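Q: Dropping the sequence and predicted coords here.
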Amino acid sequence: MLKEIGHDYSVLVSSTMTRAKQTVDIVTKSIPDVSQEETDILREGAPIPPEPPIGNLRPEKNQFYQEEARIEAAFRRYVHRADPEQKTDRVVVCHANVIGYFACRALQLPPEAWLRLSLNHGSITWNTVRPTGRVGLRTLGESGFMPADVTSVL
């Protein structure tokens, strides 16, 4: 799917968790000549207490305060204005909670809404931040390229 989009990719950055590594193995079959990086900063986590609170994901749980700074740092590292001279794109392989948070933050929506977004495993989210600062969410959780029997929803 990524090759068919027709972009040149400079790097494939991924979480160090098993599911992300398995996805990278699949992605590199489509774009084999792209350099790869792994980072713990993209690991799955609960980025911020959801609003309204859901199930066991309540603000009094410490997990948010441990994960929020890391996931916000990942957002700032990987989602920012493109350099005007940029000719290639970056592929980031991570996890649904992180992607939902990134999407909300990029679109200047309340980041507490991250858990309202449901993404299939292995789906593609395509976010663009132009040098002017204009942000576009081309697709969120696109999985139509996969047979329905192999998709699963978080």
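A: Perfect, I can see it now.

Q: pLDDT score assigned to the one residue sitting closest to the centre of the chain?
A: When Cα atoms, centre = their mean is applied to the chain, the residue found nearest the centroid is residue 99 (3.3 Å). In the predicted model, residue 99 carries a pLDDT score of 95.

Q: measure the nearest residue to residue 121 once chain neighbours are set aside to residue 122 for me?
A: Closest residue to residue 121 apart from its sequence neighbours, by Cβ to Cβ, 6 or more residues apart in numbering: residue 152 at 5.0 Å. Bear in mind the C-beta positions are built from the backbone N, C-alpha and C, glycine included. Residue 152 sits at a distance of 8 Å from residue 122 (criterion: Cβ to Cβ, to the nearest Å).

Q: Looking at these two now, which is surrounded by more residues?
A: When neighbours are counted by other Cβ atoms under 10 Å, residue 152 and residue 122 differ, and residue 122 comes out ahead with 19 against 9.

Q: which residues does residue 21 contact?
A: 14-15, 38 (Cβ atoms under 8 Å, 6 or more residues apart in numbering).

Q: Helices of this structure, start to end?
A: 2-5, 18-30, 63-78, 96-106 (DSSP state H).

Q: Show me what the shortest one is packed up against.
A: Contact analysis of helix 2-5 by 3 or more Cβ pairs under 8 Å, 6 or more residues apart in numbering; DSSP states H and E lists helix 18-30 as its packing neighbours.
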